[in-house]
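Predicted model and sequence below, questions to follow.
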Protein chains: 2
Amino acid sequence: MGQSGTTIYDIAEEAGVSIATVSRVLKGDSSVSGKTRLRVKEVIARRNYRPSSIARGMTSKTTHSLGIVLPKLLNPNYAMIFTGASDGARQAGYSMSLFPWRSVTEQGENPAMLLAERRLDGVIVCVEYLPPDQQEQLRRSLAELQQYMPIVLIGCVPSDLEYPAISYNMAEITRSAVEELISLGHEKIALIGGMEEDRDQHRRDIGYRQGLENAHLPCVDSYRVWCGGTAEAGEAAMDQMLSSLLPSHWPTGIIALNDMVAMGCMAAARRHGLRVPEDLSVIGCDNLFCAPYLLPALTSINMHQQSLGREAVTLLLSGENRRESALWEWVRRDSCAPAPRR
Amino acid sequence: MGQSGTTIYDIAEEAGVSIATVSRVLKGDSSVSGKTRLRVKEVIARRNYRPSSIARGMTSKTTHSLGIVLPKLLNPNYAMIFTGASDGARQAGYSMSLFPWRSVTEQGENPAMLLAERRLDGVIVCVEYLPPDQQEQLRRSLAELQQYMPIVLIGCVPSDLEYPAISYNMAEITRSAVEELISLGHEKIALIGGMEEDRDQHRRDIGYRQGLENAHLPCVDSYRVWCGGTAEAGEAAMDQMLSSLLPSHWPTGIIALNDMVAMGCMAAARRHGLRVPEDLSVIGCDNLFCAPYLLPALTSINMHQQSLGREAVTLLLSGENRRESALWEWVRRDSCAPAPRR
DNA sequence: CCAAATTGTGTAACCGCTTACATTATAGAA
DNA sequence: TTCTATAATGTAAGCGGTTACACAATTTGG
């Protein structure tokens, strides 16, 4: 294992100085004379010595490593957040570890133990929908965790959770999506995705209703359907909606929970003989890398997830208690078109 | 910060025992009497005490944390590997940190320092193509790193790198893809993707030639084009190939570096008036989540990236020096069809 | 030319835990 | 009852760094 066993004592001995001096050279303390510094540096380089960050952590009480809790890295949306967070961390000299969602949500003795033991310098938690019985667990885990390290939340953050956070403006985004479709002449607009009890979904619903109301359009219950966040779920939900409605009542515009759901919706619509965008306009969310390559290219909303991840790290390290709203912007592509003539 | 400051001394004092006894209770040593154990456990629970894993690491020389080096988490292929690795690590009681590719490839003083200092218990490195001037740096970084911790490689591993590894059988896979297209009657088959000097690409090229040779088909140079691994790169490469050939010489079958490149190829082909799969069959690789939702659904190769990540962790922790080949299998979808009649 | 200020370096305690070894309490054997 | 295994617990020495403080060497000022 070579120089992994090299310690500050070895360097001190070889350079003929005390460990204190080596330590000073290491941190660039100016109180070391030029020649001593040079000699020590030479030995350090020759022995390829790296001070152990964990020994450092003993006294400094800081590990220079952060954590992030994600429901699912396979969702590219989270991969983008992670990427941004990881970059931000590294630029600030920190490493970033991934922890599974269930380490803060699972029932059981001490779900947050894994994190607490590691004495991270902070943790980012991406909050997703949870069934009510697990929400209490999340609260407990966060409370426990906070006793060990600062926390920053990302996502659909319940406003009663008092942590620094970057949250999505889902009501505003959804209202904007409704307006987008209305401006194209659509009147039968469906909202697909989100769990029924999901707060985030609740906000979507609010924005959806607002958008319709502002245009004096009725809100039809069968146009509001719930489903998980995957393409399969979107496909199933869309399929069911179309099957249960007379074709004359089919919506002409779809607002999907995210791009994956939108992909599923388009597939289901196609199977029912609908052409996108001629018969049906579709709007996704997250602007995944594949959105421009779908057929038709998917109109989506860019959530700037990478900068969101970076921002979360900044928030975490600054110690501020800000609660910010994530920026977003339209990315208009071919999947939206004027409403078909009736 | 609450009980983050609680130490083993506090617990010992409150329970009226020595720190050694607390330590024994913590690790479940049977030499502690029943009542003492109970009393200590009660205090631990009440104070919500968690031993610091970093203090533990001081004596145990083990951090119970692993690292993974990836070129790009935004590539879902790597996200899948990471997910598998992270799961595997957690099941074994380890955490998993992400490190940027440039921490092993960047020129400069000590690219591997970030990793070395952290005294991880092991690191997985996903090797990707590197220009020759950086390859030497990679070798150096790996050599340095190995003095601190075990390494496992994933990907297109140069056979002269003597590390435990899980490598892709790119020659075999590509040959199989050629055979697949030939069996559908294709004779003009193009290979798109990979850097010219890339070893992995080299192996693809070998498989490609073998496949053609076995069927006594000529190998046309203009059907072998290089490009990066993104959809944009694939689009550009395909565009250029079609533009530079007479339509009568256009290939009828495409083997793409990966699904993202395949997506780009399909987009470019469409712009040139080609229908997929009627005029052009396309094969991708990696079986991304969006492959089934493309139009037409993309035929791809499942690399089982998640189990690959898990396997890498197993290899890392076992300390064995095995070199395995990743499993793969066909996922046939609509993007491949019999060759068009001439 | 000597006292005081400044500079450079070393000593030792400490961070929170593990563990070899020492010590004490308890039980069983003679 | 006394001696010796055995079980239960405590003591203290690390692990590899950081840092307050002490001290020696050098420079500066009067």
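Nice, I can see it.

Which parts of the stretch 1-150 of chain A are strands?
With strands called from DSSP state E, counting those that start in this stretch, the stretch 1-150 of chain A shows them at A:65-70, A:95-100, A:123-127.

buried ones in stretch A:267-282?
Buried residues in stretch A:267-282, counting neighbours by 16 or more other CB atoms under 10 Å in any protein chain shown, are found at A:267-269, A:274, A:276-277, A:279-282. Quick note: C-beta positions are derived from backbone N, CA and C, even for glycine.

which one of these is nearest chain B?
A:A267 (5.7 Å; CB to the nearest CB).

could you say which helix or strand contains that closest one?
Following DSSP states H and E, the helix or strand that holds A:A267 is helix A:259-271.

which is the next helix or strand following that helix?
Reading on from helix A:259-271 to the C-terminus, the next helix or strand found by DSSP H and E is strand A:281-283.

where does chain A come near DNA strand D, residue by residue?
Proximity of chain A to DNA strand D (CB under 7 Å from any atom of the strand) is limited to residues A:5-9, A:19-20, A:23-24, A:26-27, A:49, A:51-52, A:55-56, A:58-60.

buried subset of those?
Buried members of these, counted by 16+ other CB under 10 Å: A:6, A:8, A:23-24, A:26, A:49, A:51-52, A:56.

of those residues, list those near DNA strand C.
Among those, the ones lying near DNA strand C by CB under 7 Å from any atom of the strand are A:R24.

Of the buried ones among the residues of chain A next to DNA strand D, which pair is most distant in space?
A:T6 and A:R24 (18.0 Å; CB to CB).

Around DNA strand C, which positions in the stretch 1-150 of chain A sit nearby?
Contacts of the stretch 1-150 of chain A with DNA strand C, taken as CB under 7 Å from any atom of the strand, map to A:16-21, A:24, A:30-33, A:35-36, A:58-59, A:61.

Test of understanding: give the bridge partners of A:V127.
With DSSP bridges as the criterion, A:V127 is bridged to A:G155.

Quick check, it in contact with A:V152.
No - when contacts are counted by CB atoms under 8 Å, A:V127 is not listed as touching A:V152 (10.7 Å).

remind me which residues of the stretch 1-150 of chain A are low pLDDT?
Residue ranges of the stretch 1-150 of chain A with pLDDT under 70: A:1-4, A:108-111.

Turn the buried residues of stretch A:267-282 into CSV, columns for distance to B:N287 and pLDDT.
Output for these, formatted as CSV (distance: CB to CB, whole Å; pLDDT from 0 to 100):
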residue, distance to B:N287, pLDDT
A:A267, 17, 97
A:A268, 21, 97
A:A269, 24, 98
A:L274, 27, 97
A:V276, 24, 95
A:P277, 28, 96
A:D279, 30, 97
A:L280, 28, 98
A:S281, 29, 98
A:V282, 24, 98
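
residue ranges for the helices of the stretch 151-300 of chain A, please.
For the stretch 151-300 of chain A, helices defined by DSSP state H, counting those that start in this stretch occupy the ranges A:170-183, A:199-214, A:231-244, A:259-271.

Nearest approach to chain B belongs to which of those?
Of all the helices of the stretch 151-300 of chain A, it is helix A:259-271 that lies closest to chain B, at 4.1 Å by CB to the nearest CB.

what does that closest one rub up against?
Outside helix A:259-271, the residues that touch it by CB atoms under 8 Å, 6 or more residues apart in numbering or on different chains are A:75, A:192-193, A:227, A:229-239, A:242, A:254, A:256, A:276, A:279-280, A:282-288, A:290-291, A:294, A:298, A:300, A:335, B:289-290, B:293.

just the angle between that helix and helix A:231-244, please?
Using axes from the mean of the first three to the mean of the last three CA atoms, to 10 degrees, the direction of helix A:259-271 lies 40 degrees away from that of helix A:231-244.

Would you mind extracting the C-alpha trace of helix A:259-271 into CSV?
Presented in CSV, the C-alpha positions along helix A:259-271 are these (Å, rounded to 0.1, in the frame of the first residue of the first chain):
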residue,chain,number,x,y,z
ASP,A,259,-40.9,14.9,-19.6
MET,A,260,-40.9,11.2,-18.8
VAL,A,261,-44.6,11.3,-18.1
ALA,A,262,-45.0,13.3,-21.3
MET,A,263,-43.2,10.7,-23.3
GLY,A,264,-45.7,8.1,-21.9
CYS,A,265,-48.6,10.3,-22.8
MET,A,266,-47.5,10.7,-26.3
ALA,A,267,-47.1,7.0,-26.8
ALA,A,268,-50.6,6.3,-25.4
ALA,A,269,-52.1,9.1,-27.5
ARG,A,270,-50.5,7.6,-30.6
ARG,A,271,-52.0,4.2,-29.8
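
And it, how far out from the chain middle?
23 Å (CA atoms, centre = their mean, to the nearest Å).

swap in stretch A:174-191?
That offset, for stretch A:174-191, works out to 26 Å (CA atoms, centre = their mean).

so how far does that stretch reach from one end to the other?
9 Å (CA to CA, to the nearest Å).

average pLDDT for it?
Average pLDDT, stretch A:174-191: 97.

I figured A:I255 was touching A:I189, is that so?
Yes - using CB under 8 Å, A:I255 is in contact with A:I189, at 6.7 Å.

between those two, who's got more neighbours?
A:I255 (31 against 26; other CB atoms under 10 Å in any protein chain shown).

Give the full set of residues in contact with that one.
When contacts are counted by CB under 8 Å, 6+ apart, A:I255 is found next to A:174, A:177-178, A:181, A:189-192, A:208, A:283.

circling back to that earlier point, from the residues of the stretch 1-150 of chain A next to DNA strand C, which land in helices?
Counting by DSSP state H, the part of these found in helices is A:19-21, A:24, A:35-36, A:58-59.

mind putting those in JSON lines, distance to A:S222 included?
Converted to JSON lines, those look like this (distance: CB to CB, whole Å):
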{"residue": "A:I19", "distance to A:S222": "74"}
{"residue": "A:A20", "distance to A:S222": "75"}
{"residue": "A:T21", "distance to A:S222": "77"}
{"residue": "A:R24", "distance to A:S222": "73"}
{"residue": "A:K35", "distance to A:S222": "83"}
{"residue": "A:T36", "distance to A:S222": "80"}
{"residue": "A:M58", "distance to A:S222": "62"}
{"residue": "A:T59", "distance to A:S222": "64"}
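
Restricting to those, which residues neighbour chain B?
By CB under 8 Å from any CB of the partner chain, the members of these lying near chain B are A:M58.

Which members of the ones in helices among the residues of the stretch 1-150 of chain A next to DNA strand C define the maximum pairwise distance?
With CB to CB as the measure, no two of these lie farther apart than A:K35 and A:M58, at 30.7 Å.

thinking again about what came up before, of the ones in helices among the residues of the stretch 1-150 of chain A next to DNA strand C, which is the nearest to B:E106?
Nearest to B:E106 among these: A:R24, at 28.1 Å, using CB to CB.

what's the spacing between the closest one and A:E311?
As for A:R24, its distance to A:E311 is 36 Å (criterion: CB to CB, to the nearest Å).

One more: A:L114?
Distance of A:L114 to A:E311, given as CB to CB: 25 Å.

same thing with A:E187?
As for A:E187, its distance to A:E311 is 38 Å (criterion: CB to CB).

doesn't A:A20 make contact with A:T36?
No - counting by CB under 8 Å, A:T36 stays clear of A:A20, with 11.5 Å between them.

one step back: need the strands of the stretch 1-150 of chain A in JSON lines with mean neighbour count, can you?
JSON lines is the format used below for those (neighbours: other CB atoms under 10 Å in any protein chain shown):
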{"stretch": "strand A:65-70", "mean neighbour count": "26"}
{"stretch": "strand A:95-100", "mean neighbour count": "24"}
{"stretch": "strand A:123-127", "mean neighbour count": "26"}
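
Turn the ones you listed into a markdown table, including distance to B:R102.
Formatted as a markdown table, the strands of the stretch 1-150 of chain A follow (distance: least, CB to CB, whole Å):
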| stretch | distance to B:R102 |
| --- | --- |
| strand A:65-70 | 18 |
| strand A:95-100 | 14 |
| strand A:123-127 | 22 |
